[in-house]
Structure formats: structure tokens, C-alpha cells
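1. Using only what follows, build the 3D model:
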Amino acid sequence: MYYGFDIGGTKIAFSVYDGALALCHEERMSTPGNDYQALQQAIRERVEAADVRFGVKGAVGIGFPGILNRLDGSIVAANLPAIHGRHLGADLAELLSRPVRVDNDANCFLWSEVHQGAAEGADSALGVTIGTGIGGAVYLAGRLIQGRNWLAGEIGHYPLPATILMKYPDLPRPRCGCGRLVCFETYASGTGLERLYHHFRGERASGHQIVERAEAREPAALSTIDCWLEILAAGIATAISVIDPDVVVLGGGLSALPALYEELPKRLPGHLLPGVALPEIREARFGGAGGVRGAALLNL
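-> Got it, this is the predicted structure:
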């Protein structure tokens, strides 16, 4: 049996999958704020209960929003103080008396889609999650690519392509949470979509409201969505030019928008070398469950 935990800022998802990768159990719990011991205990209780329930010693995988420090194996997760700087994998391995695999949540998302999902059978894939931020992951030659600093696929933090700033010279120049200016995710994420609407309209609205207003043909919402799609195309094209994947899999809260799958194939060629064959743009099969499912499958 495969046990997966997806640790978020407010909630932890836990799921159990059998050898055929069928879901056997799932639950949610609150993330203990800054209490590392309480977080470990919550995980231990679920694992031990699952061992008893299924009569096996299940394999454990953990997904989290952050990276691993290559020097000492500690977790770098500034938004999750309970695990930031901790050796979560090693500590849980000792606590649970078994190996524990840990990885970035975007990597877990793509790993899930490689197994019976939207990237199944692909030799290479780029995973992109569009939510509060932009997450990315790379799959090549049968494995996830983490890179030297666990930064492979972190497309949210490369700069917005200059061609976009040339086309939209009046766009704001926001400072990203990473400390730098004009990171791709500050425009292409759900938060970025809201920022763009404020730029075009002069008022605040949620991503859901912006989409509804665009469907109602509000000019500012239409301009916002048009600009946002062009930004997404330019940013994803940058990754395509480096990775040249067979498939791009979209996940996250905004990935269900039909316009993404209609418009990106039309707009990508304008940001790529002439004659480049486009990868298929696919919606994630496992949706919000991709992170916890991928964490469980880290032990495959």
C-alpha cells in the first residue's frame, strides 16, 4: 500500500492507494501551525492506523510547497514554519521505522499525472499549476528532474518575457514574494489575474468574478483575460523552448478554464521558433488530488 501526505499551509491531505493505484482511503486534517512535534504525531497516527486497517506496513511519501536543501537534506518552506529547516523525511523515517520519501508538491502533481493521468505514456512532460502562485515540474526519460538545488521547473520565478512588457508597457511592476520584480507568477497566477484586472479596471475582483464578467462581455474583463492568456503563453513558451516536452499538463484552481485549451495552442507559436511542433496541452486528470496521490506514488 502507498500512503501519501500533501502538507499545505492550513490543511494536510492523507490518502492511501493500493498496488493498482486505486484510492482506498482519504481524509483531511488541519496543519499544526508552528508545532513540528504535533505535525509528526498527526502523520504517525494516520500511518499506524492505516497499517492496522490494511494489514501492511505501507510506504510513505510526503509532498510540500518548497524545496530541499541539497547540502543537508532539510526542507526550505518559508510559508510552512512547522517544517521549515527541518529534516522531515529523516525524522519521520526514524519515527515510523521505514523509509519516507519527500518532494515538492508540484513534482508530486506531475508524478501523479505520469501514472495513469494526462502525461501517461509521454517521454517528457512539463507540469504547470495555476493557483495562488505558479508551480512547475519537469519529467524526462522516466523520472522527475529536481536539479542541483531542487529548482527544476520553478517557472513561476523566472522573469516575465520582455516581449510582453514591450506589448503591454503600462503593466505594473510588482515585487514577488521571493523578493524580485516581475516574476512570471506575479502576472500569470490567480493572484496575477486579479492584479491585471485591477490594472485594466481600477477595482478589485476575484478570479471567479473576472471570468464571469468576461463571459458577460465586460470590456475590462475581456482585456484582462486576453492579456493574461498572452502572458501565460509567453511564459510557458519559455519553458517549452528549454525542455521541449511532449505534453504540458495544467493543474491548479484555474486549470479548468476552457479558454486555456482553446487559446494556448493558438498563442504559443507567436512566442516560439518558427515551425516548432507544439506539445499537447492537457488538463490534469486527477485535479486537486494530484499532489497527495503523487506523494503516495513517490515510492513506486
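2. what's the spacing between V247 and L71?
-> Distance from V247 to L71, counting by Cβ to Cβ, to the nearest Å: 33 Å. Yep, even glycine has a C-beta here, placed from its N, CA and C like the rest.
3. The two: which is more packed in?
-> Legend: neighbour count by other Cβ atoms under 10 Å for V247 and L71, higher for V247 (22 against 7).
4. if I pick that one, what's in contact with it?
-> V247 sits next to A118, A119, A122, S124, A125, L126, P279, E280, R282 when contact means Cβ atoms under 8 Å, 6 or more residues apart in numbering.
5. how about the chain, which residue sits the furthest from its center?
-> For the chain, the largest distance from the centre (Cα atoms, centre = their mean) belongs to G55, which lies 32.7 Å off.
6. And it, how close does it get to H25?
-> Per Cβ to Cβ, G55 is found 13 Å from H25.
7. so A289 sits in a helix?
-> Yes: assigned with DSSP: H, G, I helix; E, B strand; the rest coil, A289 falls within a helix.
8. Surely it touches S15?
-> Yes: the pair A289 and S15 passes the contact test of Cβ atoms under 8 Å, sitting 7.1 Å apart.
9. Compare those two (neighbour count), which wins?
-> A direct count of neighbours by other Cβ under 10 Å for A289 and S15 places S15 higher, at 23 against 18.
10. Assign the more buried one to helix, strand or coil.
-> strand.
11. Next up, the contacts around it.
-> Taking Cβ under 8 Å, 6+ apart, one finds Y3, G4, L23, H25, E26, A289, V292, R293, A296 in contact with S15.
12. Could you work out the most separated pair of these?
-> Y3 and A289 (14.1 Å; Cβ to Cβ).
13. Look up which residues are beta-bridged to R28.
-> Judged by DSSP bridges, the bridge partners of R28 are A13.
14. how far away is it from D226?
-> 37 Å.
15. now swap in G156 and tell me
-> Taken as Cβ to Cβ, the span from G156 to D226 is 21 Å.
16. Give the partner strands of the one helix or strand I62 maps to in its sheet and their orientations.
-> Assessed by DSSP states H and E, I62 sits inside strand 59-64. Paired neighbours of strand 59-64 in the sheet (DSSP bridges): strand 2-7 (parallel), strand 100-104 (parallel).
17. Who has more neighbours out of R28 and D226?
-> D226 (16 against 12).
18. buried stuff in the strand or helix carrying the more buried one?
-> Assigned by DSSP H and E, D226 belongs to helix 219-243. Buried residues in helix 219-243, counted by 16 or more other Cβ atoms under 10 Å: 220-240, 243.
19. next one: stretch 72-89
-> S74, I75, A77, L80, A82, I83, H84, R86, H87, L88, G89.
20. Report the mean per-residue pLDDT for it.
-> Averaging pLDDT along stretch 72-89 gives 90.
21. which residues touch that stretch?
-> Contacting residues not belonging to stretch 72-89 are listed as 7, 9, 31-36, 38-39, 62, 64-69, 90, 100-102 [Cβ under 8 Å, 6+ apart].
22. and with 7 Å instead?
-> Identification of contacts with stretch 72-89 by Cβ atoms under 7 Å, 6 or more residues apart in numbering yields 7, 9, 31-36, 39, 62, 64-69, 90, 100-102.
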